[in-house]
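[1] Sharing a model that was predicted from the sequence below.
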Amino acid sequence: HPESAHMLTFLFDDVGIPLDYRHMPGFGVHSYKFINAAGRTTYVKFHWKPTCGEESLLDEDAVIVGGTNHQHAQLDLFNAIEEGDYPEWILYIQTMELEEEDKFDWDPLDVTKTWPEDRFPLSEVGRMVLNQNPENFFTENEMVAFCPSIMPPGIYPSEDKLLQTRLFSYADTQRYRLGPNYLLIPVNAPKCRYHKHHHDGFMNPTR
């Protein structure tokens, strides 16, 4: 399938097996929208770049490393944080004007496509630093519920077909996995004051 060709070139290239999480980039896959207070809208893609660089394992190295400890990437991340060598990623964005979407012979909202950086350069907008390991792995890690339908103000979904499906399917998965009140679990709840429509039921920690 031509839709999978781009991903397969990554998987079977030398970058297909990351050395560990600290040397692994992040990519939002989907296209989203920025909408400011004035109502101006642009498409946006998100990228995370590790400050320590991107490194990968060759096939023969992966067999040894993975065979010795299948949790080697998790252990490396945990030990780095414990030793004060805090992993850091820089957040970049690419933006595209709405009227530019139809100017290409490919669909910019297609998740199998990437935007050329010479046409849509990366702009640095923030950073993320992991400076503390979980004290309780279950409550701080296993109960985390990531859903693309939960976005901060100013970020909205695009017409990306796969994203539109994930907006409700991921939330349904979390309801099934953690219960109908999964957004009230401390690790998922907002840190500021908020109003909610949840009441009683399974897994409601606020009762």
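    That came in fine, so what should we check first?
[2] so after the helix or strand Ala80 falls within, what's the next helix or strand?
    Assigned by DSSP states H and E, Ala80 belongs to helix 72-82. Remark: after helix 72-82, the chain's next helix or strand is strand 88-97, criterion DSSP H and E.
[3] And that next one, what's buried?
    For strand 88-97, burial by neighbour count (16 or more other CB atoms under 10 Å) applies to 88-94, 96. For the C-beta atoms, the positions are set from N, CA and C on the backbone; glycine is no exception.
[4] Could you tell me which strands it is paired with, and in which direction each runs?
    Strand pairing for strand 88-97, using DSSP bridges, gives strand 41-50 (antiparallel), strand 123-129 (antiparallel).
[5] so of the ones you listed, which one's packed in deepest?
    strand 41-50 (a mean of 18; mean count of other CB atoms under 10 Å).
[6] ranges for the strands of this protein?
    26-27, 32-35, 41-50, 88-97, 123-129, 155-157 (DSSP state E).
[7] Touching the last one from outside, list them.
    Defining contact as CB atoms under 8 Å, 6 or more residues apart in numbering, one finds that strand 155-157 is touched by 30, 32-35, 44, 148-149, 151, 163-164, 167.
[8] in its sheet, what does it sit against?
    Strand 155-157 has these strand partners (DSSP bridges): strand 32-35 (antiparallel).
[9] chain center to the helix holding Ala80: distance?
    Relative to its chain's centre, helix 72-82 lies at 19 Å (CA atoms, centre = their mean, to the nearest Å).
[10] cool, stretch 14-21 as well?
    17 Å.
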